[in-house]
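# Here you go, sequence then predicted model.
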Amino acid sequence: MKILDNINSPKAIKELNNEQLSKLAIEIREFLLESISRTGGHLASNLGIVELTLAIHYVFESPRDKIIWDVGHQSYVHKLITGRREGFENLRQLGGMSGFPKRAESLHDPFDTGHSSTSLSVAMGLASARDLDKYDFQVISIIGDGSLTAGMAYEALNHIGHEQKKMLVILNDNNMAISKNTGALSKHLNKIRTAQRYTKTKAGIKNTTSKMPFIGKFLTQKLDKAKGTIKYMLVPGTIFEEMGLKYIGPVNGHNLEELIDVLKRVKDFEKPVLLHVVTKKGKGYSFSENHPEKFHGIGPFDMNTGKAKASSKGLSYSKVFSSSLAELADNNKSIVAITAAMPDGTGLSLFGLAHPDRYFDVGIAEQHAVTFAAGLASSGKRPFVAMYSSFLQRAYDQLIHDVCLQNLPVAFCIDRAGLVGSDGETHHGSFDLSFLLPIPNLTIWSPKDGYELKRMLCRSLELEGPVAIRYPRGSCNEINCDETEIKLPETIKRGNDCLIISEGNATISAIECSNILGKRNIDCGILSLRQIKPIDENNIFSAVGAYRAIVTLENGSVNTGMGTQINSILKNSDSIRILNKGYPDAFITHGETSDLIKSISLDPESLANEIEQFLKE
Ligand SMILES: Cc1ncc(C[n+]2csc(CCOP(=O)(O)OP(=O)(O)O)c2C)c(N)n1
């Protein structure tokens, strides 16, 4: 019998001795590997955090003590030992367990996460409420070195250092975001890791400094006089101390005894502590140790070979984007490209290889990425910001205030627009049209296939102001090579009974839906609206022509989007009836995208049924 078989709550962990805990760590890694290779999910980060999670649950009392996992993609071990083992059967599937912490799922998840760098602010909120209510528990947030690159984390540290509330920040430092971590902070953490030898003993410091060329003698002489200065120079960890947190570390994140020992020592400290833990991403599985970026988030794979089971279905939008932009930049030296820690997901790594001097990975810093692009654009560059739709939400003010207000020619290449599947509600790109449409000066394009995306990237260089090009996750259906002006709507098909006006790859659903309706003797026309903003009203009136029934179809919230634009154009046309279709007024859960589409009745069959009914009314 495995030890893991008896672990249904954190309490069971506390009854184990060191040897049993180490054995449990091995069993957990085997479980994760077997389970995630079947369902897909976030493997590498979870393999790296097994001992740390066990140590936290060994020392603290969840759910009394509150544990906040930043981003939350590394919370699988926590889920496993807080009674959710069965959930792994259907991890990230429709109706199954989420891949992120969810309050609705367990008392052990005090806060929902998914986007990075929120955990310190959340912890500060929990600690402040605790103190107001005069309760006594610990608040622990676990944040990765990647997530510590975001501005929000520093806003929180600034507040934490000032308020001096009892809380524990654990920095899980694996020197990786999804890809290699970048930036000055990453270098700084590296320095701390390698400076360990200076901090061991005071005598050690003196010995070491005296051996340092040029400055060694000087430092040794000053050591006794100016201990504070010496400490600052030799123990760079004081960046956290200077901000008012007690810095402890670095600690080996795979040594359970050491982890438990240090956690016990800091457990009841009444002030904020930052514990620096060094871990290896992907630990224990050679394929993920060697390629942690590939195993950060992965679909089902063969455990023996590390190879993905499903072959990717054709060319993706991201790939078209990356190769097209790299190609454009060959002949246009003003093009620069920016990613916020997503070089592989957005495909921009290819640009980085081709044009390293014009490629910027700014870390998980969406707000900075956008204003940085504005600065570049104001100096004559043509910045392309590649960002997932849901992460762009974080840079809304920068988009308005720094880019659009000044009408600067920044191109936003918005990947993952629409449903993304198993990452779920925190990651779906449901709202970009809703939040982009009201912004003056911004042109919005939505390509229905890879060919159009390529054309749009090229044509964006002719614009004098900002443009947003939204495209979804996954393969980009090549339909036909229509050379016409992308600013004009494209008539895909003429019909008699109704006109479906669609955007982007919702056009694919419109075509399938129209084929189904055709078999029922309902003849639909299809108009693909490539330019969502500005819309030339005359184009819409002429396309609508004699149609009396219009259906708008978009991959985004139905609340405010392409459909509502069409409604306002046709509002005085009394004889025209309009059916708006898009995502409902609700957060959409996780699952296979095809399952999710069905669950919100946007699959071609359900659409056809609804349109048939609509035409009968
Ligand atoms: C605001 C935001 N931007 C981007 C992401 C995508 N993302 C998820 S995890 C991750 C890297 C996190 O690195 P780190 O915190 O070091 O955790 P690790 O996986 O290395 O343990 C990124 C960029 C996100 N979740 N939220």
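Right, received. Where do you want to start?

# which residues in the stretch 501-617 of the chain form helices?
Here the stretch 501-617 of the chain has its helices, by DSSP state H, counting those that start in this stretch, at 506-519, 537-544, 562-569, 593-599, 604-616.

# Can I get those helices in TSV including mean pLDDT and mean neighbour count?
From N, CA and C alone the C-beta is placed, and that goes for glycine too. Listed next are these as TSV, based on pLDDT from 0 to 100; neighbours: other C-beta atoms under 10 Å:
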stretch	mean pLDDT	mean neighbour count
helix 506-519	97	20
helix 537-544	96	14
helix 562-569	97	20
helix 593-599	97	17
helix 604-616	98	16
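
# and Ile170, which of those is closest to it?
Among the helices of the stretch 501-617 of the chain, the nearest to Ile170 by C-beta to C-beta is helix 593-599 (34.0 Å).

# would you list the helices of the stretch 501-617 of the chain in CSV and tack on distance to Lys165?
CSV is the format used below for the helices of the stretch 501-617 of the chain (distance: least, C-beta to C-beta, whole Å):
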stretch, distance to Lys165
helix 506-519, 48
helix 537-544, 56
helix 562-569, 45
helix 593-599, 40
helix 604-616, 51
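
# right, so of those helices, which gets closest to the ligand?
Counting by C-beta to the nearest ligand atom, the ligand lies closest to helix 593-599 out of these; the figure is 18.4 Å.

# Mind exporting the C-alpha coordinates of that closest one to PDB?
Provided in PDB are the C-alpha atoms of helix 593-599 (Å, rounded to 0.1, in the frame of the first residue of the first chain):
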ATOM      1  CA  THR A 593     -13.200  24.200 -26.200                       C
ATOM      2  CA  SER A 594     -15.600  22.000 -28.300                       C
ATOM      3  CA  ASP A 595     -17.400  21.000 -25.100                       C
ATOM      4  CA  LEU A 596     -17.600  24.600 -23.900                       C
ATOM      5  CA  ILE A 597     -18.900  25.800 -27.200                       C
ATOM      6  CA  LYS A 598     -21.700  23.200 -26.900                       C
ATOM      7  CA  SER A 599     -22.400  24.100 -23.300                       C
END
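
# can you list the residues that contact that helix?
Identification of contacts with helix 593-599 by C-beta atoms under 8 Å, 6 or more residues apart in numbering yields 93-94, 419-421, 473-474, 588-591, 603, 606.

# Stretch 421-431 vs the ligand: in contact?
No: counting by C-beta under 6 Å from any ligand atom, the ligand is not contacted by stretch 421-431; separation bottoms out at 7.5 Å.

# would you turn the helices of the stretch 501-617 of the chain into CSV with distance to the ligand?
Listed next are those as CSV, based on distance: least, C-beta to the nearest ligand atom, whole Å:
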stretch, distance to the ligand
helix 506-519, 25
helix 537-544, 36
helix 562-569, 26
helix 593-599, 18
helix 604-616, 31
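
# distance of Thr279 from Ala44?
According to C-beta to C-beta, to the nearest Å, Thr279 stands 11 Å off from Ala44.

# Those two: who's more crowded?
Comparing Thr279 with Ala44 by other C-beta atoms under 10 Å, the one with more neighbours is Ala44, at 29 against 25.

# who are the neighbours in contact with the more buried one?
Contact partners of Ala44, counting by C-beta under 8 Å, 6+ apart, are 281-282, 288, 292-293, 295-296.

# quick one on the thing from earlier: just the contacts of helix 593-599 now: which is nearest Leu80?
Using C-beta to C-beta, Gln93 comes nearest to Leu80 of those, at 17.2 Å.

# Which residues are in contact with the closest one?
By C-beta under 8 Å, 6+ apart, the contact set of Gln93 is 39, 422, 590-592, 595.

# if you set the cut-off to 7 Å instead, what comes out?
Counting by C-beta atoms under 7 Å, 6 or more residues apart in numbering, Gln93 touches 591-592.

# and it, what helix or strand is that in?
Per DSSP states H and E, Gln93 falls between elements, in no helix or strand.

# any idea how far it lies from Ser514?
Separation of Gln93 from Ser514 (C-beta to C-beta) stands at 30 Å.

# Please apply the same query to Phe269.
Look at Phe269 and Ser514: by C-beta to C-beta, they are 65 Å apart.

# Also Gln565?
Distance of Gln565 to Ser514, computed by C-beta to C-beta: 22 Å.

# and what of Gly504?
Using C-beta to C-beta, one obtains 16 Å as the distance from Gly504 to Ser514.

# go on, Ala549?
The gap separating Ala549 from Ser514 is 13 Å, by C-beta to C-beta.

# Can you say which helix or strand has the closest residue to Phe88 other than its chain neighbours in it?
Using C-beta to C-beta, 6 or more residues apart in numbering and skipping residues adjacent in sequence, the residue nearest Phe88 is Ser35, 4.5 Å away. Assigned by DSSP H and E, Ser35 falls within helix 18-39.

# ok, the next helix or strand after that helix near the ligand or not?
Next helix or strand after helix 18-39 toward the C-terminus (DSSP H and E): helix 44-47. Yes: Helix 44-47 reaches the ligand (C-beta under 6 Å from any ligand atom) through Ser45.

# Please identify the buried residues of helix 44-47?
For helix 44-47, burial by neighbour count (16 or more other C-beta atoms under 10 Å) applies to 44-47.

# quick one: which of those is nearest to Lys319?
Nearest to Lys319 among the buried residues of helix 44-47, counting by C-beta to C-beta, is Ala44 at 22.5 Å.

# And the pLDDT at that closest one?
Confidence at Ala44, expressed as pLDDT, is 98.

# same check, this time on Ile205
The per-residue pLDDT reported for Ile205 equals 43.

# just Lys187 next, same as before
pLDDT, Lys187: 88.

# Please list the residues of the chain that sit near the ligand.
45, 71, 73-74, 115-116, 144-147, 172, 174, 176-178, 281, 341-342, 364, 366, 391, 394.

# Tell me which of those residues fall in helices.
Counted as lying in helices by DSSP state H, out of the residues of the chain next to the ligand, are 45, 366, 391.

# For the stretch 251-400 of the chain, which segments count as helices?
Under DSSP H, counting those that start in this stretch, the stretch 251-400 of the chain gives helices at 256-266, 286-290, 317-331, 343-346, 349-354, 366-378, 389-392, 396-397.

# ok, the nearest residue to Ser45 once chain neighbours are set aside - contacts?
Distances taken as C-beta to C-beta, 6+ apart put Gln74 closest to Ser45, at 4.0 Å, once the chain neighbours are dropped. Neighbouring residues of Gln74 by C-beta under 7 Å, 6+ apart: 42, 45-46, 49.

# do Ser430 as well
Contacts of Ser430 by C-beta under 7 Å, 6+ apart are 556-557, 583, 588.

# Swap in 8 Å and give it another go.
389-390, 418-419, 556-557, 583, 588.

# Repeat that for Ala395.
Ala395 sits in contact with 366-367, 369-370, 387, where contact means C-beta under 8 Å, 6+ apart.

# Can you name every helix or strand that the helix or strand where Ile160 lies contacts?
Using DSSP H and E, Ile160 sits within helix 151-163. Helix 151-163 sits against helix 119-133, with contacts defined as 3 or more C-beta pairs under 8 Å, 6 or more residues apart in numbering; DSSP states H and E.
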